[in-house]
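Peer 1: what follows is a predicted structure for the sequence shown.
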Amino acid sequence: MRSPLLEIRNLGVEVPVPGGGAAAAVDGVDLSVAHGERVGLVGESGAGKSLTTLALPNLLPPGVRIRPGSSVRLDGRELVGAPTRDLRAVRGKRVALVFQDPTHALNPALTVGSQIREVLLVHRGLRGGEARAETLRLLSEVGLPDPARTAADPPHRLSGGMRQRACIALALAGEPDLLVADEPTTALDVTVQARILDLLVHLSEARGLALLLVSHDLAVVSRTCHRVAVMYAGRVVEKGPVKAVLERPLHPYTRALLAARPRLTGPRTLPAPIAGSIPAPSAWPTGCRFHPRCPDALDRCRREAPPWVGLSPHRATCWLHWEPGGGAS
Amino acid sequence: MQSVARHQRGGVGLSVFLPGAPQILAGRVAEGLLALMPWLSAILLLVLRADLVSSQLGEGSTVGRASMALLAAAGLAWAWSLRDVSTPPEAGAGQGAWVRIVRDPWAGIGLAILLFFAGLSLLGPPLLLPEDPGRTQTTEEGFLPPSMDHPMGTDNAKSDVFERFLDGARVTLGIGLLAGLGGALIGVTLGAWAGFTGGWVDRVVMRCVDFFIALPKLVLLIALAALYDLGPVTLALFIAFVQWPALARIVRAEAVALAQREFVHALRAFGVSERRILFRHVLPNAQGVILVGTALAVANALLIEAGLSFLGLGLDSASWGRLIKDGGALFPHWWVGGFAGMSLVLVVVALNLVADAVRDVFDPRADVTV
Ligand SMILES: Nc1ncnc2c1ncn2[C@@H]1O[C@H](COP(=O)(O)OP(=O)(O)OP(=O)(O)O)[C@@H](O)[C@H]1O
Ligand SMILES: [Mg+2]
């Protein structure tokens, strides 16, 4: 097997705390993405998903920093601590981001085409007719019906779904190996969401493009990804093949996430919400960080951080499945 | 959304004789005047100074070249107007920011005024003044009121005010333009750089701006003017120098806001360099502020030049400010300073009209609605 395309080891991201000091909003995340693989990152608001994705090509906002000892390797090359020059050559060229809100991710003063041509120039040195032809090709590849017209339009002429397609074309312009999409459909109409997800899957398969897809919603991940990692309070609490995790969730948090999804069939009960929400990074509990909201919490969960349990590749960090001597229940 | 406005009135027939008139009648004042003014001027030239034109056309003289330019402009205007009235308006046209500015009636009037004075100062001296400058320099009497011989009368030194007015137009408008654009260039560059980069760059630049803004500008200029022997270019540079801080401050505020926008973040994520982001993405988004600031800076520079001249600190050579000063009290010799004063007011008002329209079109609140 080839070495993974992206390998995140012990990633920590520190955010400033209102009273002064810093707290680790991402705390020891391990995650890898193979070439062409689609991996979902799921969790509630405040879990640290966006910070994890932004940390990859170090695009963190001012004041937020990567904790020493973290490692992000792209094809074996370390990105943490790399000079800005090298990072800029990675951004858009090897790893491209697709943002949540396509309305604000495009420059309102320039046409869609000229923004794509800019990336073509910066990363592939394409100019003039070549760049124009490639722009049209990219726009039609993402399923825009009239590429020539879209290229000449400013972003505000496009609908939300078309804008997100244009953003995806922009992300593809540098021919990246990994597309990182942070909730790419939350700002869109429900009817459009599924089509954008299908497009991402299609592109990943057609181009051998790896995808790291961030979402609140396990359903979104289940229809697009091979593997999933569930995050809670800055840590990955469960990871494994999508099918296994959805059918036999190990962690109570994953189970709660699954139960919270509205069902179209079956008894018309209200979705069971998980009581409470993720506290701020400065106020994370000791032991298992989920224990205050966990229905099955043991005494031990309050004191000690849980170990990894379960058979590889489907694993979780939870005391409930722990047996002295190792192995899962 | 307003439907496509009526495109023209009067049709091809009117356009043949008065190019621009159909457009003016339909409310497209700026475009119409742009065509009508060179046309009418060319006709006047041919009627009033046929001898001059026929003797000089084709010669390499200034007069010959100026006549050629005017006739060419009139020809172009005629062709444009005819083509414009015979093609139907495109559906959905008129959405672009520039088209909206030009078609705003008030801005249209403003642009037409600016165009008139630009044409007058460029083509007026060669075409409207006698070839021999000495001829009107010495007149029989000082303070003659306007007449056929002296359209703007004569002044105390017995020279023709019209001649001084035309020469002054070049100098005054040139200084205004150079000072306004120069100040804008410095102010926009420094302001955008400071606001976009932030950190210590921002602090240093803005401390300088605060310092220069705190200085009493007019006093500074008066001191400079008293110390140096001013030519038009040095004067323009001095005026630019006192104007850039105000522009830097406005543009910086805009750049700070733009630097926070998500698309800037997205550009970084695509590996676009900071310099490219600043020049290709941030500045175009600030073009409204930049244009308004520049137009007002030009207007301000005109007033400063006039003010300095009025205080006797301006140029020794011809300028409108100098004419206004020589006019002294408006009455009884109102013609000496009156024409220059009126023109100055017109140009300043025109610049403000255009600036207002630009502000409306680029107003951030306005473009949310699309
Ligand atoms: N710039 C910042 N300064 C301080 N704290 C921050 C900053 N950015 C994020 N945080 C904190 O870090 C935690 C994780 O944030 P992150 O944006 O990664 O969450 P998320 O999982 O993406 O949530 P969402 O689903 O709402 O996007 C949150 O508690 C947030 O308050
Ligand atoms: Mg997020």
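Peer 2: Everything's here; your move. Numbering: from 1, shown residues only, chains lettered A, B, ... in the order given. Ligands and ions are numbered 1, 2, ... in the order given.

Peer 1: okay, the longest helix along chain A in CSV with CA atoms only?
Peer 2: Secondary structure of chain A read by DSSP state H shows that its longest helix is helix A:190-207. In CSV, the C-alpha atoms belonging to helix A:190-207 read as follows (Å, rounded to 0.1, in the frame of the first residue of the first chain):
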residue,chain,number,x,y,z
VAL,A,190,-31.7,21.4,0.4
THR,A,191,-32.5,20.5,-3.2
VAL,A,192,-29.0,21.7,-4.2
GLN,A,193,-27.1,20.1,-1.4
ALA,A,194,-27.4,16.5,-2.7
ARG,A,195,-26.3,17.5,-6.2
ILE,A,196,-23.1,19.3,-4.9
LEU,A,197,-22.3,16.2,-2.8
ASP,A,198,-22.7,14.0,-5.9
LEU,A,199,-20.5,16.3,-7.8
LEU,A,200,-17.7,16.0,-5.2
VAL,A,201,-17.9,12.2,-5.3
HIS,A,202,-17.9,12.2,-9.0
LEU,A,203,-14.9,14.5,-9.2
SER,A,204,-13.0,12.5,-6.6
GLU,A,205,-13.6,9.3,-8.6
ALA,A,206,-12.9,10.9,-12.0
ARG,A,207,-9.7,12.6,-10.9
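
Peer 1: for it, which helices and strands make contact with it?
Peer 2: Judged by 3 or more CB pairs under 8 Å, 6 or more residues apart in numbering or on different chains; DSSP states H and E, the packing partners of helix A:190-207 are helix A:160-172, strand A:178-182, strand A:210-215, helix A:218-224. For every residue, glycine as well, the C-beta is placed using N, CA and C.

Peer 1: average pLDDT for the second one?
Peer 2: Yep, that's strand A:178-182 we're talking about. For strand A:178-182, the mean per-residue pLDDT is 94.

Peer 1: one step back: out of the helices and strands packed on helix A:190-207, which is closest to A:Leu87?
Peer 2: strand A:178-182 (14.1 Å; CB to CB).

Peer 1: distance from that closest one to the middle of the chain?
Peer 2: Distance of strand A:178-182 from its chain centroid, counting by CA atoms, centre = their mean, to the nearest Å, is 6 Å.

Peer 1: what does stretch B:184-202 give?
Peer 2: Relative to where its chain is centred, stretch B:184-202 has its mean C-alpha point 26 Å off (CA atoms, centre = their mean).

Peer 1: and the helices and strands packed on helix A:190-207: which comes nearest B:Gly124?
Peer 2: Ranking those by proximity to B:Gly124 (CB to CB) places helix A:160-172 first, at 51.3 Å.

Peer 1: contacts (any at all) between chain B and that closest one?
Peer 2: Yes - part of helix A:160-172 sits near chain B under the criterion CB under 8 Å from any CB of the partner chain, namely A:167, A:170-171.

Peer 1: now, which of these sits nearest ligand 1?
Peer 2: For the residues of helix A:160-172 next to chain B, the minimum distance to ligand 1 (CB to the nearest ligand atom) is 17.3 Å, reached by A:Cys167.

Peer 1: show me the contacts for the closest one.
Peer 2: With contact taken as CB atoms under 8 Å, 6 or more residues apart in numbering or on different chains, A:Cys167 is in contact with A:98-99, A:102, A:105-106, B:266.

Peer 1: quick one: pLDDT of the nearest residue to it once chain neighbours are set aside?
Peer 2: In space, not counting the residues next to it along the chain, A:Cys167 is nearest to A:Pro102; the distance is 4.7 Å by CB to CB, 6 or more residues apart in numbering or on different chains. Among the per-residue scores, A:Pro102 shows a pLDDT of 86.

Peer 1: distance of A:Pro102 from A:Lys93?
Peer 2: When distance is defined by CB to CB, to the nearest Å, A:Pro102 is 21 Å away from A:Lys93.

Peer 1: hang on, the earlier thing: and for the residue nearest to A:Cys167, the neighbour number?
Peer 2: By other CB atoms under 10 Å in any protein chain shown, 27 other residues sit near A:Pro102.

Peer 1: quick check: it vs A:Pro108, distance?
Peer 2: Distance, A:Pro102 to A:Pro108, by CB to CB: 12 Å.

Peer 1: for those two, list the residues in contact with both.
Peer 2: The overlap between the contact sets of A:Pro102 and A:Pro108 (CB under 8 Å, 6+ apart) consists of A:Pro155.

Peer 1: what about the closest residue to A:Gln100 other than its chain neighbours, neighbour count?
Peer 2: Across the structure, with CB to CB, 6+ apart as the measure, the residue nearest A:Gln100 apart from its sequence neighbours is A:Glu183 (4.5 Å). Here the neighbour count serves as a burial measure; for A:Glu183 (other CB under 10 Å) it reads 20.

Peer 1: my read: A:Glu183 touches A:His216, true?
Peer 2: Yes - A:Glu183 sits in contact with A:His216 when judged by CB atoms under 8 Å, with a separation of 7.0 Å.

Peer 1: if I pick A:Ala47, what's in contact with it?
Peer 2: Counting by CB under 8 Å, 6+ apart, A:Ala47 makes contact with A:231-234, A:278.

Peer 1: and the strands in chain A?
Peer 2: Secondary structure of chain A, counting by DSSP state E: strands at A:6-16, A:22-33, A:38-42, A:65-66, A:71-74, A:77-78, A:95-98, A:178-182, A:210-215, A:227-232, A:235-241, A:308-309, A:315-317.

Peer 1: just want the phi and psi numbers for the residue sitting furthest away from the middle of chain B.
Peer 2: Among the C-alpha atoms of chain B, the one most distant from their mean position (CA atoms, centre = their mean) is that of B:Ala269, at 41.0 Å. The phi/psi pair for B:Ala269 (degrees, to the nearest 10) reads phi -60, psi -20.

Peer 1: residue closest to the middle of the chain?
Peer 2: Since no chain was named, I'll use chain A. With CA atoms, centre = their mean applied to chain A, the nearest residue to centre is A:Val214, 3.0 Å.

Peer 1: the intended chain is chain B.
Peer 2: In chain B, the residue lying closest to the centroid (CA atoms, centre = their mean) is B:Leu114, at 5.1 Å.

Peer 1: next one: that one from chain A, what distance?
Peer 2: To chain A, B:Leu114 is 25 Å away according to CB to the nearest CB, to the nearest Å.
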